[in-house]
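# Okay, sequence plus prediction incoming.
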Amino acid sequence: MIRNHFRVLVVDLGTGRGSFVSLEGRDAVAGGSGLAATLFAKYGRADKPWDDPAQPLIFTIGPLTGYFPLMSKTVCAFKSPYHDQYAESHAGGRSALALRFADLDGLVITGRAERPSCVVVGSRRLEVKEIHYLWGMDLQVTGKTLRRMFPGGGHRSIFRIGPAGEQGSAMACINVDTNRHFGRLGAGAVMGAKHLKGIVILGDGIFPLPGTKEYPKLFQEVYRKLTDTDMMDKYHNLGTPINVAVLNGIRALPVRNLQQTSDDALDGITGERFADDTLLRHMACAGCPVGCIHVGFVREKFMEPNQYLYRQVPYDHEPIFAVGSMLGMMDAFKVLALIDAVDKQGLDVMSAGVALAWATEALEKGILSENETLVPLKFGDEPTYRQAMQHLATGANEFYRLLGQGTMKAAAYYGGTEFACVLGQEMAGYATGEVFFVSQALGFRHSHLDSSGYSYDQKHTEKNVSDAVEFLVRDERERVFLTSMVACLFARGVYSEAVLADCLRSVGYTTLAESIAAVSNSIQKLRWKTRLATGFDPRAVTIPKRFTEITTWKGKIDEGYLGALKEEYARRILEMGKDEM
Ligand code: SF4
């Protein structure tokens, strides 16, 4: 029933052909993050730039996808246009289950299509179809057209890019099934460089469930914990936007390009406000009974006197912070309108919001002029930001093209590096303190989800460098096994190591179940080794001055502590990535 090898489809866009590859290593790298790094070692080229046609775009799922709830993510791995290093981005939707039904553990896309195309993959189907007429179209038009061209809702998953990916923005995302994204580090530009507008996964096969007595019992137990206890309640109820008011209350929410860490006007964009005024419904990734995706709406007048259309817009804490508090936008509907505008262009909302926050302050300070920004950026001015988002996505002039490669690149050219809110990439929505800043700046994905540094900051007032760094390394190690299972990280409280071992055993992965700690350790090292091989130097990472100027509920940021954490974490990363495997 289960197989110990990985079944991977490798597609060459240059020839339009593909082949199935059988790869050993299930007991060593599990799947997801571990499999992605293994595939990059096999197909990636550390010595060539990110947009070289030979570079692979990799998608992987895990051994429990389809067998247990919330094993619902797909790992996307690539050489990033943001820093030309190995990177990972994760997304849910129907992606993972569609790959499972298509009987694939991994999909690797290499080469460059001669003309704009999409790849269609099913359990017995591979097609590279030319779709030049969709090049230049936004995500909404592209999605609508691809859905019509390839019917099969439910088991079908569609990945697509917008204008930002086509023009090579390092902030371009890959949209997954409309409401989910491979958001960060520019995976959308990798598709663009390959002339790949869309990927359609047709989950048109079947797979048998384990016939053991243990499996249904265990499934019930896990399902019950997810639905009948309060372990996941916060994610369904207000969802991650609950953090907006909490962080504002403890002076840890980035506001107006992190010039403030709280604001009295935040009432207009709290999770409670979004739920009361804008929430239409909840949605869930396939195979998830929790449903943390909150969907609000925007209304648009398309004709006088009273003709409106409305669109459904998903919201979370991160987008609310990025185009809400960070841009001084304190109205829930205006925030939704901006999320909608950014999403349409195929830009990552977090990166775009933080980039424009920097540009707004730079304009205020006279470092930039309207010659560069084209519009008079002003905190709180939603219509102007809407135009700016379009300029950013389409690379309207030299300034926006450079900004699209990363805020720090633009700041290095125009000035204003000291207030660029960049921690490896544009910051996430937590100004909790030193441990989080270091964890994002040096973390593997430069993501708030690499480890819970933000939570460590909130629980610890003592300043013990080795304890804090040990926490970051240990937490990342646990998470890397979860992401190799492709578990949604919101379920980390449910999927303890013991539960994961039982789940693996129940479907037949006994050896892997017995060696979770050792496998986690070796995947963590493998990922760092891969990252370092593509040029990452953790000792060279700098943290801009703005992060040392803020005050949280714990007081002023301690620069000495921040520096010591950075040095020790860099040392540990170099140790983990040593070439000794
Ligand atoms: S909890 Fe949310 S993100 Fe996680 S699998 Fe469920 S719907 Fe998707």
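Here it is on my side, so go on. Given the structure is predicted, the values throughout are model-derived calculations rather than measurements.
# Show me what residue of the stretch 301-450 of the chain gets nearest to the ligand.
D316 (9.0 Å; C-beta to the nearest ligand atom). All C-beta atoms are positioned from the backbone trio N, CA, C, and that covers glycine.
# pretty sure that residue is in contact with T240, am I right?
Yes - the pair D316 and T240 passes the contact test of C-beta atoms under 8 Å, sitting 4.8 Å apart.
# Up against the ligand, what does the chain have?
Remark: the part of the chain in contact with the ligand comprises 70, 72, 92, 235, 284-285, 288, 290-293, 488, 490, using C-beta under 6 Å from any ligand atom.
# The residue positioned nearest the centre of the chain and the ligand, how far apart?
With distances taken as C-alpha atoms, centre = their mean, G183 lies nearest the centre of the chain, 4.1 Å away. For G183, the distance to the ligand (C-beta to the nearest ligand atom, to the nearest Å) stands at 12 Å.
# got the contact list for that residue?
89, 91, 173, 348-351 (C-beta atoms under 8 Å, 6 or more residues apart in numbering).
# try it again with 10 Å
Neighbour list for G183: 76, 89-91, 171-176, 318-319, 347-351, 447 [criterion: C-beta atoms under 10 Å, 6 or more residues apart in numbering].
# do L377 as well
327, 356-357, 359-364, 368, 370, 384-385, 387-388.
# what kind of secondary structure is the closest residue to it other than its chain neighbours in?
Distances taken as C-beta to C-beta, 6 or more residues apart in numbering put T360 closest to L377, at 4.3 Å, once the chain neighbours are dropped. Three-state assignment for T360 (DSSP: H, G, I helix; E, B strand; the rest coil): helix.
# where does P544 land in three-state SS?
coil.
# So what's the residue count around it?
23 (other C-beta atoms under 10 Å).
# For stretch 119-134, measure first residue to last.
Using C-alpha to C-alpha, to the nearest Å, one end of stretch 119-134 lies 14 Å from the other.
# Quick one: mean pLDDT over it.
For stretch 119-134, the mean per-residue pLDDT is 97.
# what comes up buried for it?
119-122, 127-128, 131, 134 (16 or more other C-beta atoms under 10 Å).
# Could I get the pLDDT score of the residue nearest to L377?
98.
# mind listing what it touches?
Contacts of T360 by C-beta under 10 Å, 6+ apart are 256-257, 326-328, 368, 373, 376-381, 384-385, 388.
# Next, find the distance separating it from T417.
Computed with C-beta to C-beta, to the nearest Å, the distance linking T360 and T417 is 16 Å.
# which SS class is E114?
Reduced to three states by three-state DSSP, E114 is coil.
# ignore the last one, A275
Counting by three-state DSSP, the backbone at A275 sits in helix.
# I figured it hits H236, correct?
No - with contact defined as C-beta atoms under 10 Å, A275 does not reach H236; the gap is 11.3 Å.
# so what sits against both of these two?
With C-beta under 10 Å, 6+ apart, A275 and H236 have common neighbours H294.
# and the residue of the stretch 401-550 of the chain nearest the ligand?
For the stretch 401-550 of the chain, C-beta to the nearest ligand atom, closest residue to the ligand: C488, 3.2 Å.
# Is H181 bridged to anything, and to what?
N175 (DSSP bridges).
# Let me see the contact set for it.
By C-beta under 10 Å, 6+ apart, the residues touching H181 are 89-93, 139, 159, 173-175, 187-188, 314, 319, 343, 346-350.
# Just the ones in strands from the residues you listed, please.
Taking DSSP state E, the ones among those that sit in strands are 89-91, 159, 174-175, 314.
# Now do the same for G296: helix, strand or coil?
Assigned with three-state DSSP, G296 falls in the strand class.
# Surely it and F333 touch.
Yes - if you go by C-beta under 10 Å, G296 and F333 touch, sitting 8.2 Å apart.
# quick one, which of these two is more surrounded?
G296 (22 against 19).
# Give me the pLDDT for the more buried one.
For G296, pLDDT reads 98.
# in the sheet, who's paired with it?
What pairs with G296, by the bridge criterion (DSSP bridges), is V313.
# In this protein, which helix is the longest?
When the chain is scanned for its longest helix (criterion: DSSP state H), the result is helix 465-484.
# What is that helix packed up against?
Where contact means 3 or more C-beta pairs under 10 Å, 6 or more residues apart in numbering; DSSP states H and E, helix 465-484 is packed against helix 32-43, strand 86-91, helix 434-442, helix 453-459, helix 497-507, helix 516-533, helix 559-576.
# for the very next helix or strand once past the fifth one, what is the average pLDDT?
Past helix 497-507, further along toward the C-terminus, the next helix or strand under DSSP states H and E is helix 510-514. Along helix 510-514, the predicted confidence averages to a pLDDT of 96.
# How about the closest residue to the ligand within the stretch 101-250 of the chain, nearest residue that isn't a chain neighbour?
The stretch 101-250 of the chain approaches the ligand most closely through Y235 (5.3 Å), counting by C-beta to the nearest ligand atom. Leaving aside its sequence neighbours, Y235 sits nearest to C292 (C-beta to C-beta, 6+ apart; 3.9 Å).
# quick one: the one you found from V486, how far?
Distance from C292 to V486, by C-beta to C-beta: 16 Å.
# between these two, who's got more neighbours?
V486 (28 against 21).
# how about TSV for the residues of the chain next to the ligand, with pLDDT added?
Formatted as TSV, the residues of the chain next to the ligand follow (pLDDT from 0 to 100):
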residue	pLDDT
L70	96
S72	96
G92	97
Y235	88
A284	96
C285	96
C288	93
V290	92
G291	92
C292	94
I293	96
C488	96
F490	93
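# List just the nearest of those residues to M576.
Among the residues of the chain next to the ligand, C488 lies closest to M576 (C-beta to C-beta), at 24.9 Å.
# so what's the closest one up against?
By C-beta under 10 Å, 6+ apart, the residues touching C488 are 69-73, 90, 92, 96, 232, 235, 285, 287-288, 290, 292, 482, 494-495.
# so what's D558 up against?
Contacts of D558 (C-beta under 10 Å, 6+ apart): 433-434, 463, 548, 564-565.
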